[in-house]
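Novice: got a sequence here, can you model it:
(one chain, ligands or ions: 1)
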Amino acid sequence: MTAEYQVHGDVAVITLNNPPVNGLGLSTRRGITAGLEKAEADAAVKSIVITGAGKAFSGGADIREFGKPEALAEPNLLSVILAVEATTKPVIAAMHSVAMGGGLELALGCHYRIAAPGCSVALPEVKLGLIPGAGGTQRLPRVLGVEAALNMIVSGEPVKSELLASVPGQKLFDKLAKAPESLAEEALAFAKEMAVKHADGSALPLVRNLPCKHPKGDAYFQFARNMVKGMAKNFPAPAKCVDAVEAATKQKFDQGMVTEREIFINLMWTPECRSLRHLFMAERAASKIPDVPSDTKQRDIKSVAVIGAGTMGGGIAMNFLNAGIPVKILEMKQEAIDKGLGIIKKNYEAQVKKGKLKQDKYDQRMSLLTTTLSYDDLKEADLVIEAVFEEIGVKEAVFKELDRVMKPGAILASNTSTLDVDKIASFTKRPQDVVGLHFFSPANVMKLLEVVRGKETAKDVMATVMTVSKKIRKTAVVSGVCDGFIGNRMIEQYGRQGGFLLDEGCTPAQVDKAMEKFGMAMGPFRMGDLAGNDIGWAIRKRRYEEKPDMKYSKTADLLCEKGRFGQKTGAGWYDYVPGKRDAIPNAEVVAMIEEHRKAMGITPRKISDEEIVQRLVFSLVNEAAHILEEGIANKASDIDVVYIFGYGFPIHRGGPLQYADEVGLFNVVQAMKRFAKNPLDDGKFWEPAPLLARLVAEGKTFNG
Ligand code: NAI
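Specialist: Sure thing, here's the model as predicted:
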C-alpha cells in the first residue's frame, strides 16, 4: 500500500507515499482507509493527521490508472472521503507543496485543514474537459465563497495557500503553518488540540454542513455563464462547472453531490474530454522513445553554439538564454551578427515594455549571449545547432568545419526543414553525434520541436536532446528521416487538397472559413500567406522534377508568379495593410482562380464546408498512416502532438488521428473512396494507406 501509518504519541499520521505527487491510485486509497480503521480501533489514538511524503500533499488522481479498471475499483475517492467524514476522531489534513484535484477534495472531506505557505491549491479537472468529481464543486464554495470557488473551478488554475488564507471569511484552512518545514510539527500540535477540544464528544465539523448561498443568486450565475461562454466556446466543461456550483447553492448537499456526479459522468463521454485526456497523455508519452531506456546516461549540456543569426538562429538562441544556458552565435559577417542581435534585443525589449520580462532578467539573459566570426571559438560548446541557408552545399561546409573544431562528445544538430539529416551526418566523421532539431517559426514562441533521429544517431544523443528540449520548454516529438519529417510531409498533402478545392469551385476565403470554423487556428491559405508562399513554390518545383506524375493545382504557382508571397510582400492569397495581419480578400486573386478554372475547362460546383474539412483533414490522416507504417513516427499520438503544438490543429479535436478515431475509421475510408472517384482530385492519393485499411479491417483505431 502506498500510504504509511505511524503513531506519534496519541496522534496517528497517515502519509501518502506514491511518488511523484502522491496520486490517489487504488493502493493509496486502500492505504488511507486501512489507516483510518487502525486509528479508529486504537484507543490510544485521539486524532489523525493525513499528509503527503516528498513533493506533494497530493496531486489528485493517479494518471497511471487512467482508463484502467483500478481507477473505478473500491474504495473509490468518494468512498474514501465518506470514510474520512465518518471517522469519530478528528481528522486533520496537513497540506503542503501541491494539493490538487482529488487531493484537495480529500482535504475538504477532513474535519480540519492546516496548510504550509506556498502550497499550490487547485481543482484542475476542467483542463481535462471534466468537473471535479469527488465533491469539489459542492465543498469548495462552502469554505471559500461561491465566487472565489467558481473562479478556481472554471479556470483550473492553482492559487497559493497564503493567498487563499487571506480571503475574508474563508474556512478552507483552519490554520496556516509558519513555514513548510514546521508543518509536520504544527500539524501534530493542532491535532492534539482538536482531540482535547472534542474530548467532550462534541460533533466534528464537516464542510458538507456549512451553508452555501450567493446573495445575488440567479443573476450572478447568469453573469458567470455569459463570461464562461465567451471564454470556452469549444468546450462544454466550463459551463458545466457553473451548473455544478449553482447546484451547491440550490440543492441539499447530498442532492448536489448527485448532480455533480451526473455532470461528471456525462462529460467523461464527450469527444472534447476524450481529446483533452488523450493530449494530456500524448504529450507525456512523446518524450519516451521505445528503444532508449529512461536511465540512459546523458551528456552534459552547459553551453550552446548557434550557427546563423537569421530568422531561426535568433529565436533558437533565445530559447536557451531564457533557460539560463550560455549561447555563442557564429555568423559570416559582423553586419549579420549586428542584425541578428538587434532582433533578439528588440524581442526582449518588447517583453520588458509589456511587463512580461523584468529588466534585470533581460540584462541577465543578454549577458549569457556572445558572438563570433570564428569557428575556433565554438569548440568548447556542448551542443551546436546549425541554422544557415537551406542548401546542402552550405550545410556541408558548416558541418565539415564543426567536425574539425568541436570537442569530442559535442552534439551537432541541424535545424534543416527539408534536407536529409543522414546526408548531413555523413559530412562528419562522427555521424553518431549528429541529430536534427527542427524548430518551428517563431522559434522562441512555438512549442513544437521535431527531433530528427538519423540512422546513426546515438541513443545517448537522443536521450540528451529530449531532456534539453524540456529545459527550453519545448514539446519534443521524435521523427525519422524523410522529406518534410512528420509535420511538413503531412502539410504538403493538405496544401495539395487546398489547391484542388480552388480548381473545383472554392475561393481561398471559403476554404479558410470552413477550416477555421472546424477550429484550425488558421485556414490553409492564411497560413500560406504567413509562412510565405514562395517556400511551397520552391518545394513544388523540386517535386515537378522528382515526381513528375504527382498532380498539383497550378493556382499557387500562378500566385507566386505575380510575386504574391504573402504577408512579407503585403500580398498573397489576400491583401495586407502594412503592420497588420488581417487578411483582406482580393478580387484579382479570385479572378485569377476563375480564369485558370476556365482554361482547364472546369465548371465550378458548390462545395460544402463538410467536404472541405473532410478532404483537408483526411489528407493529413492518410499521409499520417503512411508515416506511422514506415516508422517515421513512433506512435499515432506523436503525430497528434505535432499537429496540435506546431500547426494550430484544434485542441478540442485532439489531433488529426484522434479526430479520425472519433469520426470512425470506417467512415474515414468510405469518404476517401468517394474522393478517389473525383476526376479533378488525385485518385491515387486517396487509396487508403495499408495501415489505415488494416485498422478498419480489424475494427481498431489509431490511438487504441
Ligand atoms: P535565414 O536566411 O533567415 O538565416 C540564415 C542565416 O545564416 C543568415 O543570417 C546567414 O547570414 C547565415 N549563414 C548562411 N551561411 C552561413 C555560414 N556558412 N556560416 C554562418 N552563417 C551562415 O534562414 P532561416 O529562415 O533562419 O533558416 C535557417 C534554417 O532553418 C534553414 O535550414 C531552414 O530550412 C530552417 N528552418 C526555417 C524555418 C522558417 O520558418 N524560416 C522553419 C524551420 C526550419
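
Novice: OK, contacts around the spatially closest residue to Tyr659 that is not a sequence neighbour?
Specialist: Spatial nearest neighbour of Tyr659, chain neighbours left out: Arg653 (4.5 Å); criterion: CB to CB, 6 or more residues apart in numbering. The C-beta positions use only the backbone N, C-alpha and C, and glycine is treated the same way. Residues in contact with Arg653 (CB atoms under 8 Å, 6 or more residues apart in numbering) are Pro271, Ser275, Phe518, Gly519, Tyr659, Glu662.

Novice: over to Leu341?
Specialist: Contacts here follow CB under 8 Å, 6+ apart; on that basis Leu341 touches Ala309, Ile329, Leu369, Thr371.

Novice: tabulate these (CSV), appending pLDDT and secondary structure.
Specialist: Formatted as CSV, these follow (pLDDT from 0 to 100; DSSP: H, G, I helix; E, B strand; the rest coil):
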residue, pLDDT, secondary structure
Ala309, 96, coil
Ile329, 98, strand
Leu369, 98, strand
Thr371, 98, strand
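
Novice: could you single out the nearest of the residues you listed to Gly129?
Specialist: Leu369 (41.3 Å; CB to CB).

Novice: re earlier: in the contacts of Leu341, find the pair that's most separated.
Specialist: Using CB to CB, the pair of the contacts of Leu341 lying farthest apart is Ala309 and Leu369, separated by 10.4 Å.

Novice: domain-wise, how is this structure divided?
Specialist: Using automatic domain parsing, the domain ranges for the chain come out as 3-268, 304-479, 487-698.

Novice: among the contacts of Arg653, which are located in helices?
Specialist: Judged by DSSP state H, the contacts of Arg653 include Pro271, Ser275, Phe518, Tyr659, Glu662 as members of helices.

Novice: now restrict those to buried residues only.
Specialist: Buried by 16 or more other CB atoms under 10 Å: Pro271, Ser275, Phe518, Tyr659, Glu662, out of the ones in helices among the contacts of Arg653.

Novice: reformat these as JSON lines; add pLDDT.
Specialist: Formatted as JSON lines, those follow (pLDDT from 0 to 100):
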{"residue": "Pro271", "pLDDT": "95"}
{"residue": "Ser275", "pLDDT": "96"}
{"residue": "Phe518", "pLDDT": "97"}
{"residue": "Tyr659", "pLDDT": "98"}
{"residue": "Glu662", "pLDDT": "97"}
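
Novice: mind putting these in a markdown table, distance to Pro180 included?
Specialist: Shown next, in a markdown table, are those (distance: CB to CB, whole Å):
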| residue | distance to Pro180 |
| --- | --- |
| Pro271 | 41 |
| Ser275 | 37 |
| Phe518 | 47 |
| Tyr659 | 44 |
| Glu662 | 44 |
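
Novice: name the nearest of these relative to Ser182.
Specialist: Nearest to Ser182, judged by CB to CB, of these is Ser275 at 43.6 Å.

Novice: run a quick neighbour tally on the residue nearest to the closest one when sequence neighbours are not counted.
Specialist: Among residues not flanking Ser275 along the chain, Gly654 sits closest, at 2.9 Å (CB to CB, 6+ apart). Counted by other CB atoms under 10 Å, the residues lying close to Gly654 total 28.

Novice: now do Leu276
Specialist: For Leu276, the count of nearby residues is 21 (other CB under 10 Å).

Novice: Asp254 now?
Specialist: Neighbour count of Asp254, defined by other CB under 10 Å: 9.

Novice: and for whichever residue of the chain sits closest to the ligand, the neighbour number?
Specialist: The ligand sits closest to Gly310 of the chain, with a gap of 1.8 Å, by CB to the nearest ligand atom. By the criterion of other CB under 10 Å, Gly310 has 15 neighbours.

Novice: what about the domains of the chain, which gets the closest to Ser294?
Specialist: domain 304-479 (8.0 Å).

Novice: that closest one: end-to-end distance?
Specialist: 22 Å (CA to CA, to the nearest Å).

Novice: which parts of this protein sit against the ligand?
Specialist: Residues of the chain lying close to the ligand (CB under 6 Å from any ligand atom) are 307-313, 330-332, 336, 387-390, 394, 397-398, 415-417, 438-441.

Novice: so which of the residues you listed belong to strands?
Specialist: Ile307, Leu330, His438, Phe439 (DSSP state E).

Novice: return the member of those residues nearest to Leu501.
Specialist: Closest approach to Leu501 among these (CB to CB): His438, at 28.1 Å.

Novice: distance from the chain centre to stretch 527-536, please.
Specialist: Relative to the mean C-alpha coordinate of its chain, stretch 527-536 is positioned 25 Å out (CA atoms, centre = their mean, to the nearest Å).

Novice: strands of the stretch 301-450 of the chain, residue ranges please.
Specialist: 304-307, 327-330, 369-372, 383-386, 411-414, 434-439, 448-452 (DSSP state E, counting those that start in this stretch).

Novice: can you report phi and psi for the closest residue in space to Met550 that isn't next to it in sequence?
Specialist: Counting by CB to CB, 6+ apart, the nearest residue to Met550 once its immediate chain neighbours are dropped is Arg543, at 5.7 Å. Backbone torsions for Arg543, taken as degrees, to the nearest 10, come to phi -60, psi -40.

Novice: Arg113 belongs to a helix, doesn't it?
Specialist: No: according to DSSP: H, G, I helix; E, B strand; the rest coil, Arg113 belongs to no helix; its state is strand.

Novice: surely it and Leu176 touch.
Specialist: No: using CB atoms under 8 Å, Arg113 is not in contact with Leu176; the gap is 9.9 Å.

Novice: these two touch, right, Pro141 and Ala149?
Specialist: Yes: counting by CB under 8 Å, Ala149 is a contact partner of Pro141 at 4.0 Å.

Novice: per-residue confidence for the residue of the chain most remote from its centre?
Specialist: Within the chain, the residue lying farthest from the chain centre (CA atoms, centre = their mean) is Asp200, at 52.8 Å. With respect to pLDDT, Asp200 has a value of 95.

Novice: same question for Gly67.
Specialist: Predicted confidence (pLDDT) for Gly67: 77.

Novice: spit out the contact partners of it.
Specialist: Contacts for Gly67 were tallied using CB under 8 Å, 6+ apart; there are none.

Novice: tell me the secondary structure at it.
Specialist: Looking at Gly67 with three-state DSSP, the answer is coil.

Novice: burial measure for the closest residue to Leu680 other than its chain neighbours, as a count.
Specialist: In this structure, Leu680 finds its nearest non-sequential neighbour in Glu504, 5.3 Å apart by CB to CB, 6+ apart. By other CB under 10 Å, 20 other residues sit near Glu504.

Novice: many thanks, I have nothing further to ask.
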